[in-house]
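> with the input below, show me the fold.
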Amino acid sequence: MSDYSYSISLRVTHPSIDPDAITQELGIEPSRKWKVGEKRTTPTGTLLEGNRKESYWVAEMHDERRLLSSNVYLEDYLVKLNNYLEGHKGYLKKKRGQARFNF
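Alright, predicted model coming up:
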């Protein structure tokens, strides 16, 4: 198999959740977040028109920009990530009715 690189992030959108509650529950610092009703801004903080229509939270699931398959196969990394998130299964299950979770 050829070597490849990959990057994994976890994204959560929700109609009303406080993104800080996600951070507290998962113990993962987001790379970007906002709460419903906040003013819209660019990633650099420039103010845009309008307010956020839903809450959003995204975290990069590894420190490196990209992971290399020669160091960690994607399948192995996903097993490790799944095992970590399994510890938060109750919270995620409770929130999934209104939230969208994307990798």
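> which secondary structure element contains Leu10?
strand 9-14 (DSSP states H and E).
> same for the helix or strand just after that strand, what does it pack against?
Downstream of strand 9-14, the first helix or strand assigned by DSSP H and E is helix 19-26. When contacts are defined as 3 or more Cβ pairs under 8 Å, 6 or more residues apart in numbering; DSSP states H and E, helix 19-26 packs onto strand 32-34, strand 55-60. C-beta: built from backbone N, CA, C; applies to glycine.
> within the sheet, what are the partner strands of the last one, with directions?
I take that to be strand 55-60. strand 9-14 (antiparallel), strand 32-34 (antiparallel) (DSSP bridges).
> the ones you listed: which one's closest to Glu54?
The closest of the strands paired with strand 55-60 to Glu54 is strand 9-14. By Cβ to Cβ, the value is 5.4 Å.
> got the buried residues for that closest one?
Within strand 9-14, the residues that qualify as buried are 10, 12-14, counting by 16 or more other Cβ atoms under 10 Å.
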